[in-house]
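[1] the following comprises the amino acid sequence and a computationally predicted model.
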Amino acid sequence: MIKTLRPDGRKFMISSLFFIIVLCILASINEIRFENILRFSRCTLSPPLNSTNSLELVDSSPNNIRILLGILTLPDQYNRRHFLRLIYGTQSRPAGTQVDVKFVFCNLTKEDQKVLVALEIMLHDDIIILNCTENMNKGKTYTFFSSLPELFNSNDSSVPYPPYHYVMKGDDDTYFRLENLVESLRPLPRDDLYYGYVIPCPSMDPFVHYMSGMGYLISWDIAEWIKVSDIPINHLEGPEDKTFGDWMREGRRGKNRYNAKWSMYNFPVPHTQCTHELWPNTVAVHLLKTQEKWITTLNYFNVTRDLKPSKLYHIP
């Protein structure tokens, strides 16, 4: 026999549903944004806050920062990528932040690349292969930035937008200190931002020329603009950092600019201008062209300080 709910039961269910809806409305008044009906339904019908919802709330925090660091390199640079994975894989990220390091190059052209790079992807999942022919100053930087919205934007409402607040293009001879990078970005805007080491080297004014190719960072909205604007596509050739600065000027982008000098600088060499000795507040050190320079830099920052003692090895 099919049982029907008594009138008192119906009243109880209706009252309960009405009470839950009122709670959701009050929450929305307190600036908890519900992006769509799906999230509203989760609020009314789901059990208590789970891990996914917790991440959504953390994502709304001003301390939450998502950064994509794209290191432009070449397919055959296997040893360099392995070395840099050690460098960035052992760096800690501040709580509540996400810093993803990806290696970026153009289409593979050799049989050995197709096997070895595929193995790297299977193991590390940290490679972006662009649809381009390898080049230095003929559009690789444009292809990188313009490809990002298609690669990372999602129609899934559970995925945060933007996928990254900031995107950084870096060289593979630059050492980025990720915690210091994150801390330098906390007080900065998350839109129309252009950040880096100002060129020419004596200048401290980020609105005069452009940011050095050692590594510069933009907010996600500028990457989306690069994808749809005619300005970059019509001006691809030339020194990539200068060309990028031309796009910013012609498109009137990067109204929020931040000069990271002297937290970013070239490796100190005697009698060389526009650099200084290594120092604790460093965000990036550039021109690490030799193993000796890398080791000097890593020793200065004491990168092995967290090595745990063990009977399995002895490192004095």
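    Done, it's in. All figures in this text were calculated on a predicted structure; none of them were measured in a lab.
[2] residues near residue 101, how many?
    By other CB atoms under 10 Å, 21 other residues sit near residue 101. C-beta: built from backbone N, CA, C; applies to glycine.
[3] what is the rounded mean pLDDT of stretch 269-280?
    For stretch 269-280, mean pLDDT is 91.
[4] now do the helices in the stretch 201-316 of the chain.
    For the stretch 201-316 of the chain, applying DSSP state H, counting those that start in this stretch gives helices covering 220-228, 230-233, 240-250, 291-300.
[5] which strands or helices does the longest one pack on?
    Pointing back at helix 240-250 there. Applying 3 or more CB pairs under 8 Å, 6 or more residues apart in numbering; DSSP states H and E, one finds that helix 240-250 contacts helix 140-152, strand 198-199, strand 210-211, helix 230-233.
[6] for residue 169, find the nearest of those.
    helix 140-152 (6.4 Å; CB to CB).
[7] for residue 148, give me its contacts.
    Contact analysis of residue 148 by CB atoms under 8 Å, 6 or more residues apart in numbering lists 68, 164, 167, 220, 223, 227.
[8] quick one, what contacts the fourth one?
    Contact analysis of residue 220 by CB under 8 Å, 6+ apart lists 148, 162-167, 190.
[9] if we can go back for a sec, now the buried members of the contacts of residue 148.
    Listed as buried from the contacts of residue 148 are 68, 164, 167, 220, 223, 227; burial here means 16 or more other CB atoms under 10 Å.
[10] quick check, pLDDT for the closest residue to the last one other than its chain neighbours.
    Same thing as residue 227. Setting aside the residues directly before and after it, residue 227 is nearest to residue 146 in space (CB to CB, 6 or more residues apart in numbering), at 4.5 Å. Note for residue 146: predicted pLDDT of 98.
[11] ok, residue 146 to residue 66 distance?
    To residue 66, residue 146 is 19 Å away according to CB to CB, to the nearest Å.
[12] next: residue 110.
    34 Å.
[13] the more surrounded of the two?
    residue 66 (18 against 11).
[14] so what are the sheet partners of the helix or strand where that one lies and their directions?
    Assigned by DSSP states H and E, residue 66 belongs to strand 65-72. In the sheet, strand 65-72 lines up against strand 97-105 (parallel), strand 166-171 (parallel) (DSSP bridges).
[15] which of the ones you listed sits most buried?
    strand 166-171 (a mean of 23; mean count of other CB atoms under 10 Å).
[16] what are the contacting residues of the helix or strand following it?
    Going down the chain from strand 166-171, the next helix or strand is strand 175-176, by DSSP H and E. Strand 175-176 has contacts (CB under 8 Å, 6+ apart) with 69, 87-88, 168, 170, 215, 283-285, 288, 294, 297-298.
[17] pLDDT and distance to residue 208 added to those residues, as TSV?
    As requested, the contacts of strand 175-176 are exported to TSV (pLDDT from 0 to 100; distance: CB to CB, whole Å):
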residue	pLDDT	distance to residue 208
69	98	26
87	97	32
88	98	32
168	98	21
170	98	23
215	97	19
283	98	21
284	98	21
285	98	24
288	98	27
294	98	32
297	98	29
298	98	34
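[18] type out the ChimeraX command that picks the buried ones from those residues.
    Buried members of those can be picked out in ChimeraX with the line below, counting by 16+ other CB under 10 Å:
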select :69,87,88,168,170,215,283,284,285,288,294,297,298
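[19] just for the chain, where's the confidence low?
    The chain contains residues with pLDDT under 70 at 1-62.
[20] picking that back up, nearest to residue 117, out of the strands paired with strand 65-72?
    Of all these, strand 97-105 comes closest under CB to CB, at 8.7 Å.
[21] and the closest one, how far from the chain's centre?
    Offset of strand 97-105 from its chain centre (CA atoms, centre = their mean, to the nearest Å): 6 Å.
[22] what does the helix or strand just after that strand rub up against?
    Note on strand 97-105: by DSSP H and E, the next helix or strand toward the C-terminus is helix 111-124. Identification of contacts with helix 111-124 by CB under 8 Å, 6+ apart yields 75-76, 78, 81, 85, 108, 126-127, 129.
[23] what do you get if the cut-off is 10 Å, keeping everything else the same?
    For helix 111-124, the external contacting residues (CB atoms under 10 Å, 6 or more residues apart in numbering) are 74-76, 78, 81-82, 85, 89, 101-103, 105, 107-108, 110, 126-129.
[24] tell me what the next helix or strand after that helix is packed against?
    Next in sequence after helix 111-124, counting helices and strands by DSSP H and E, comes strand 127-129. Secondary-structure packing of strand 127-129 (3 or more CB pairs under 10 Å, 6 or more residues apart in numbering; DSSP states H and E): strand 65-72, strand 97-105, helix 111-124, helix 140-152.
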